[in-house]
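K.L.:
build me a model:
(chains A and B)
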Number of protein chains: 2
Amino acid sequence: MILVAVDAGGTRTRASIVQNSFESTGVGLAGRGNPVSGGADAAFAEIAAAIGRAAAAAGVSLAEVDAVTLASAGGAAFEEGFLAQALAGIGITAPCARKGDLAALFASGTHETSGYSLVAGTGATAVRIVGNVEVQTIDGLGWLLGDTGSGFWIGHQVARAVASALDGRTSTSMVGPALEVLGIEPDLALRASRPVASHELIRVVYTQSPFVLAALAPVAFLDDHDEVSSGIVEAAAHGLAQAVIDVHSDDVQGPLVLGGGVMAGQPRLRERTMAALTAAGLSLPVIDAADGLVGASVLGLRDAGVTVDAAAFETVRSATAAQLVRATAR
Amino acid sequence: MILVAVDAGGTRTRASIVQNSFESTGVGLAGRGNPVSGGADAAFAEIAAAIGRAAAAAGVSLAEVDAVTLASAGGAAFEEGFLAQALAGIGITAPCARKGDLAALFASGTHETSGYSLVAGTGATAVRIVGNVEVQTIDGLGWLLGDTGSGFWIGHQVARAVASALDGRTSTSMVGPALEVLGIEPDLALRASRPVASHELIRVVYTQSPFVLAALAPVAFLDDHDEVSSGIVEAAAHGLAQAVIDVHSDDVQGPLVLGGGVMAGQPRLRERTMAALTAAGLSLPVIDAADGLVGASVLGLRDAGVTVDAAAFETVRSATAAQLVRATAR
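P.N.:
Numbers count the residues shown, from 1 in each chain, chains lettered A, B, ... in the order given. Next up, the predicted model:
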């Protein structure tokens, strides 16, 4: 049996060929595989590239593939008909099962089939998983409607705090680093009753996409003695913890799998989120997962009728990690 | 002496011809006179239209004009050279003095020359005025960087609260009215572990300009027994009051002039803002002003060396109001 597992994300796409039941025999990497911003054709081109590279590494032909499991945000980001046709176009006629990215992340962290996952990347989402499937989603509503505690949210709070500090309303050590990230001179001379740097901040922010604000997120973690930035980190951690609390159900015990770039890259955010969960009386085993590639493989194996227990999970995990090292080195 | 006073705003432009020292002898109305979004040429076309209508109402020729006073956001939204040339193009060779919109709003409310103004419209700004001029500006940083308590800010909070309620995290009576404003069916059936109305909210919000959220501001004021919406109104009022507190200086006693569409249209916001100021120990005489047209006239008269005391201010105010009634009826 030859399975193709794909984790198609907003930044990168990873594909793995899973053979001999549990072992990954090749991993392929490519760019943004999420159709939301660039469209389905561009996203599928990256997915096809990742699959092609994984197959080449494993030495298998795409015509031999028995099943495809595609994990992506929202679970149904591609139209079903589009996917079947696009896969046929690269020589895969096997069925394709679509999975939610948070269900795949969860299955990347544990062999259990029920529990929770929390992602804090550019966005922020918490889900409850029962029987491998997302049964409730909290937040993940995007930068305008939600995503409290996400990279965008933190960067946005940094920008507002810095703008307020330039108005002379507060004092924060974030002003210098934030202006540097945005390429603005720290000129505090007044022009039209407001510092020049404030005029520049307004100009830079409103002439670019709001998403540039996500680049300011790391500034919140530079100085843990700064009250304003610590307040932002604490509010982000509380927002993320609240998403887990709100998605929690007493009848689902399973572990909490954590993922996403901000959560993985900022240990203080992870620590404060865990502290907020503990303070709220919620104690769950916590596992970190890099992405949904292992999970897509696990979910694909389960769809094929294979039982993935703790030992089998460990085989999938370690084989995928080994292939990932090779793919990254290529 | 013939003065032209113009209040050029983001929604509408008003011009007044001031003669015989204090009396407005004609008012003209036109559309958006702010060059920020549509460019200088389009904005000046509206200004020219308003001036032309005012002059026609007053029965004066533009060649007779002795001075122009133009109030607009930022004070220097048009390049000086552009304005002189554009005014010459419509037959006005007299000098043009540019004023900040909040300085003009202040002078629309009082004959005093120092004090404060607070605007809560689509944006939110507080300024301290000394000797007719804005000497400090707090907020007015726009929808991404600030404007706490503004119409956009309130509408944005409504959208986030409604999205959260659709996630089942909170309960608020705003859900129905907000979905209605956005033209979304209140369908709570689940699709991909989230209500259909939630998917629709995401689709509508992210396929339109973020500014559509300002249309949700009135929803926050519908039910003063709803905890979530009352919390938004209270936070807006505190944000607006804080802007006044932060711009306040003990050596400037003058009155606080209030303006802007949300402040004028939502009495509860005004009441809660005043309550927050009182709670913070700040007690200022408060005056409401519709816009900066009277103020632009007052500032123009002062620039011409005329003393505008309480009695003269009242003459300018009542004459402008009378001409405005005629202009609106035309």
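
K.L.:
number of residues surrounding whichever residue of the stretch 201-330 of chain A sits closest to chain B?
P.N.:
Among the residues of the stretch 201-330 of chain A, A:Asp246 lies closest to chain B, at 4.8 Å counting by CB to the nearest CB. All C-beta atoms are positioned from the backbone trio N, CA, C, and that covers glycine. Other residues near A:Asp246 come to 17 when the count uses other CB atoms under 10 Å in any protein chain shown.

K.L.:
my guess is it meets B:Ala165, correct?
P.N.:
No - in this structure A:Asp246 lies outside contact range of B:Ala165 using CB atoms under 8 Å: 11.6 Å.

K.L.:
around chain B, which positions in chain A sit nearby?
P.N.:
Chain A comes close to chain B at residues A:74-76, A:100, A:127, A:134-139, A:141-142, A:144-146, A:156, A:159-160, A:163-164, A:167-169, A:192-194, A:198, A:201-202, A:205-206, A:210, A:213, A:246, as judged by CB under 8 Å from any CB of the partner chain.

K.L.:
mind listing what A:Leu105 touches?
P.N.:
Going by CB atoms under 8 Å, 6 or more residues apart in numbering or on different chains, A:Leu105 touches A:Ser117, A:Val119, A:Val257, A:Gly259, A:Ala289, A:Asp291, A:Gly292, A:Gly295.

K.L.:
are we agreed that the residue of the stretch 201-330 of chain A closest to chain B is in a strand?
P.N.:
No - going by DSSP: H, G, I helix; E, B strand; the rest coil, the assignment for A:Asp246 is helix, not a strand.

K.L.:
mind listing what it touches?
P.N.:
Applying CB under 8 Å, 6+ apart to A:Asp246 gives the contacts A:Ala126, A:Ile138, B:Asp167, B:Gly168, B:Arg169.

K.L.:
show the pLDDT at A:Gly91.
P.N.:
Looking at A:Gly91, its pLDDT is 94.

K.L.:
same deal with A:Glu79?
P.N.:
Looking at A:Glu79, its pLDDT stands at 77.

K.L.:
OK, contacts around the spatially closest residue to it that is not a sequence neighbour?
P.N.:
Of all residues not flanking A:Glu79 in the chain, A:Ala40 sits nearest, at 7.3 Å (CB to CB, 6 or more residues apart in numbering or on different chains). Applying CB under 8 Å, 6+ apart, one finds that A:Ala40 lies in contact with A:Phe78, A:Glu79, A:Phe82, A:Ala86.

K.L.:
same check on A:Arg326?
P.N.:
By CB under 8 Å, 6+ apart, A:Arg326 lies in contact with A:Val27, A:Ala57.

K.L.:
what helix or strand is it on?
P.N.:
Following DSSP states H and E, the helix or strand that holds A:Arg326 is helix A:310-329.

K.L.:
buried residues of that helix, list them for me.
P.N.:
For helix A:310-329, the neighbour count (16 or more other CB atoms under 10 Å in any protein chain shown) marks A:Ala312, A:Phe313, A:Val316, A:Arg317, A:Ala319, A:Thr320, A:Gln323, A:Leu324, A:Ala327 as buried.

K.L.:
and if you look at stretch A:174-194?
P.N.:
Judged by neighbour count using 16+ other CB under 10 Å, the buried positions of stretch A:174-194 are A:Met174, A:Val175, A:Pro177, A:Ala178, A:Leu179, A:Val181, A:Leu182, A:Ile184, A:Ser193, A:Arg194.

K.L.:
assess the claim that the second one and A:Asp167 are in contact.
P.N.:
Spelled out, it's A:Val175. No - applying CB under 8 Å, one finds A:Val175 not in contact with A:Asp167, separated by 11.2 Å.

K.L.:
and the closest residue in space to A:Leu70 that isn't next to it in sequence, how many neighbours does it have?
P.N.:
For A:Leu70, ignoring the flanking residues on the chain, the nearest one in space by CB to CB, 6+ apart is A:Val6 at 4.8 Å. A:Val6 has 32 neighbouring residues, counting by other CB under 10 Å.

K.L.:
what helix or strand is A:Val6 located in?
P.N.:
Per DSSP H and E: strand A:3-8 holds A:Val6.

K.L.:
what helices or strands is that strand leaning on?
P.N.:
strand A:13-19, helix A:40-58, strand A:67-72, helix A:293-303 (3 or more CB pairs under 8 Å, 6 or more residues apart in numbering or on different chains; DSSP states H and E).

K.L.:
nearest to B:Ala104, of these?
P.N.:
When these are compared by CB to CB, helix A:40-58 sits nearest B:Ala104, at 49.8 Å.

K.L.:
now do the closest one against strand A:67-72, angle only.
P.N.:
Between helix A:40-58 and strand A:67-72, the angle comes out at 130 degrees (axes from the mean of the first three to the mean of the last three CA atoms, to 10 degrees).

K.L.:
what average pLDDT does helix A:40-58 get?
P.N.:
For helix A:40-58, mean pLDDT rounds to 93.

K.L.:
and it, how far from the chain's centre?
P.N.:
Relative to the chain's own centre, helix A:40-58 is displaced by 19 Å; criterion: CA atoms, centre = their mean, to the nearest Å.

K.L.:
residue closest to the middle of chain A?
P.N.:
Residue closest to the mean C-alpha point of chain A, counted by CA atoms, centre = their mean, is A:Gly260 at 3.7 Å.

K.L.:
please name the residues that touch that one.
P.N.:
Contacts for A:Gly260 (CB under 8 Å, 6+ apart) come out as A:Leu118, A:Val119, A:Ala120, A:Gly121, A:Ala124, A:Ser150, A:Gly151.

K.L.:
turn those residues into CSV, columns for secondary structure.
P.N.:
CSV is the format used below for those (three-state DSSP):
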residue, secondary structure
A:Leu118, strand
A:Val119, strand
A:Ala120, strand
A:Gly121, coil
A:Ala124, strand
A:Ser150, coil
A:Gly151, helix
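
K.L.:
closest to chain B among those residues?
P.N.:
Distances from chain B to the contacts of A:Gly260, taken by CB to the nearest CB, are shortest for A:Ala124, at 12.3 Å.

K.L.:
what's the neighbour count on that closest one?
P.N.:
Other residues near A:Ala124 number 28, with proximity taken as other CB under 10 Å.

K.L.:
what of A:Ser16?
P.N.:
Using other CB under 10 Å, A:Ser16 is surrounded by 32 other residues.

K.L.:
from A:Thr110, how far off is it?
P.N.:
Look at A:Ser16 and A:Thr110: by CB to CB, to the nearest Å, they are 18 Å apart.

K.L.:
what is the end-to-end distance of stretch A:135-152?
P.N.:
Stretch A:135-152 stretches 26 Å from its first residue to its last (CA to CA, to the nearest Å).

K.L.:
same deal with stretch A:162-181?
P.N.:
12 Å.

K.L.:
for the record, mean pLDDT for it?
P.N.:
Computed over stretch A:162-181, the mean pLDDT rounds to 96.

K.L.:
list the contacts of it.
P.N.:
By CB under 8 Å, 6+ apart, stretch A:162-181 touches A:158-159, A:161, A:185-186, A:188, A:194-195, A:197-198, A:201-202, A:215-216, A:219-220, A:222-223, A:226-229, B:136-139, B:141, B:145-146, B:246.

K.L.:
filter those down to just the ones in helices.
P.N.:
Among those, the members found in helices (DSSP state H) are A:Val158, A:Ala159, A:Ala161, A:Ala197, A:Ser198, A:Leu201, A:Ile202, A:Glu227, A:Val228, A:Ser229, B:Leu145, B:Asp246.

K.L.:
picking that back up, give me the nearest residue to the residue nearest to the centre of chain A, chain neighbours excluded.
P.N.:
A:Gly121 (3.5 Å).

K.L.:
torsion angles phi and psi at that neighbour?
P.N.:
phi -120, psi -130 (degrees, to the nearest 10).

K.L.:
quick one, what contacts it?
P.N.:
Here A:Gly121 is in contact with A:Gly10, A:Ser150, A:Gly151, A:Gly259, A:Gly260, A:Gly261, A:Val262, A:Met263 (criterion: CB under 8 Å, 6+ apart).
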